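In: can't give you the sequence, but here's the structure:
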Ligand SMILES: Nc1nc2c(c(=O)[nH]1)N[C@H]1C(S)=C(S)[C@@H](COP(=O)(O)O)O[C@H]1N2
Ligand SMILES: [Mo]
């Protein structure tokens with residue numbers, strides 16, 4: 001008898017010298033990152049925003065689509081797109097980052113979507129706040145978790161499933177959580193969850209359920225795959241781990257100069273220049289960014305631009321540099337108001353999640 005196990009293996013970590021496989025490349029080709037030069041935009045154009053799609057982009061007819069709200073509520077609801085659009089409308093600028101960003105740089109490498117550092121974007125999401133809708137439905141007094149189900153379906157590590165993620169009730173009721181139907185002022189694109197997705201500002205990408213079709217309130221903890229198995233910080237396969245939640249602080253450098261086609265190493269002419277980039281954290285506002293030009297030996301403070309777009313959006317930073325001929329390794333590290341910062345030495349977990357190791361940008365400054 002054939003089963004889903006015939007197409008789906010257990011999670012695994014690559015061997016010490018094991019190269020990226022054709023399967024990992026297949027994922028990387030579907031799920032692209034932001035081209036790092038696009039760190040220049042305050043708001044990431046939709047086509048340059050990173051993408052992560054576990055299964056297929058589902059075939060959803062926006063005219064027929066409806067969101068159902070049920071489970072432990074007094075009044076189950078059913079809302080089509082027109083009804084959702086009639087509700088109060090808000091826009092939040094939100095930095096979204098995949099929890100697996102940085103995974104392919106880890107040693108040993110967890111085998112999954114092989115992100116380097118580019119799984120991030122900062123878009124404007126428009127929709128209606130979730131909390132008033134949950135209150136209208138009437139949450140049971142003992143409600144614990146709220147489960148969000150997408151219209152996409154697949155198999156993962158032997159488990160056939162609809163993509164589902166739960167939030168604890170207190171997090172689902174935060175005022176910034178949105179049911180979004182627009183990105184950057186236009187209807188959601190198919191790949192970003194059309195016609196409706198969840199936006200959970202501050203949380204890693206996996207919480208922002210796309211192609212949202214159902215919300216279910218539970219009075220017991222949700223034990224679905226994406227919460228109980230997948231997105232947990234574990235040291236080994238037997239470790240129950242802890243859930244992946246908010247985005248750790250990170251700063252990225254907008255690559256200076258011009259690139260070599262193959263290596264993407266940067267080439268610069270000598271002389272004074274401005275090096276800049278973006279910084280964000282899902283825990284608390286970014287309060288400082290420091291920059292290194294020597295691979296982390298010494299650090300200089302960057303200037304932070306005025307925040308543009310609210311508490312959940314990335315912030316531009318910049319620093320002046322006199323580029324001298326030779327090889328340099330640039331990097332930046334963010335500090336947030338909670339005191340969190342970025343490690344210069346690699347921490348490791350088996351899923352390769354929430355990794356915010358300082359970036360290494362190799363630069364060759366040409367002779368005068
Ligand atoms: N229904 C559904 N929602 C989903 C996913 C998915 O595969 N299916 N991927 C999640 C993950 S892991 C991430 S990082 C974000 C990516 O959102 P984006 O593709 O719009 O950037 O969507 C999340 N929401
Ligand atoms: Mo993700």
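Out: Happy to help now that I have it. It should be emphasised that the depicted structure is a prediction, and the values quoted were computed from it without experimental measurement. Ligands and ions are numbered 1, 2, ... in the order given.

In: which residues sit in contact with the residue nearest the centre of the chain?
Out: By CA atoms, centre = their mean, the chain has its centre lying nearest to residue 97, at 2.0 Å. The neighbourhood of residue 97, defined by CB atoms under 8 Å, 6 or more residues apart in numbering, consists of 119, 120, 204, 205, 247, 250, 280, 282. (Each C-beta comes from the backbone N, C-alpha and C, glycine too.)

In: spell out which parts of the stretch 51-200 of the chain neighbour ligand 2.
Out: Applying CB under 5 Å from the ion, we find that the stretch 51-200 of the chain lies next to ligand 2 at 52, 98.

In: quick one: the strands in the stretch 151-300 of the chain, in order.
Out: According to DSSP state E, counting those that start in this stretch, the stretch 151-300 of the chain carries its strands in the segments 159-168, 178-183, 186-187, 197-199, 212-218, 232-233, 242-243, 250-253, 258-259, 266-268, 271-280, 286-292, 300-301.

In: relative to residue 226, which of the ones you listed is closest?
Out: strand 159-168 (5.0 Å; CB to CB).

In: who's in contact with that closest one?
Out: Outside strand 159-168, the residues that reach it (CB under 8 Å, 6+ apart) are 4, 8, 54-55, 144-155, 177, 200, 206-207, 209-211, 218, 222, 224-227, 229, 231.

In: tilt between that strand and strand 212-218?
Out: 60 degrees (axes from the mean of the first three to the mean of the last three CA atoms, to 10 degrees).

In: run me through the strand neighbours of strand 159-168, direction for each.
Out: With DSSP bridges as the criterion, the sheet partners recorded for strand 159-168 are strand 145-156 (antiparallel).

In: what mean pLDDT would you report for the strand it pairs with?
Out: The average of the pLDDT scores along strand 145-156 is 98.

In: mind checking the end-to-end distance for stretch 57-66?
Out: The first residue of stretch 57-66 is 17 Å away from its last residue (CA to CA, to the nearest Å).

In: just the buried residues of that stretch, please?
Out: Residues 57, 58, 60, 65 are the ones in stretch 57-66 that count as buried (16 or more other CB atoms under 10 Å).

In: between those residues, which sits nearest ligand 1?
Out: The closest of those to ligand 1 turns out to be residue 58 (CB to the nearest ligand atom; 8.0 Å).

In: now, of the contacts of strand 159-168, which are buried?
Out: When these are checked for burial by 16+ other CB under 10 Å, the buried set is 54, 144-152, 154-155, 177, 200, 206-207, 209-211, 218, 222, 224-227, 231.

In: near ligand 1, list only the ones from these.
Out: 54, 150, 152, 206, 209, 210, 211 (CB under 6 Å from any ligand atom).
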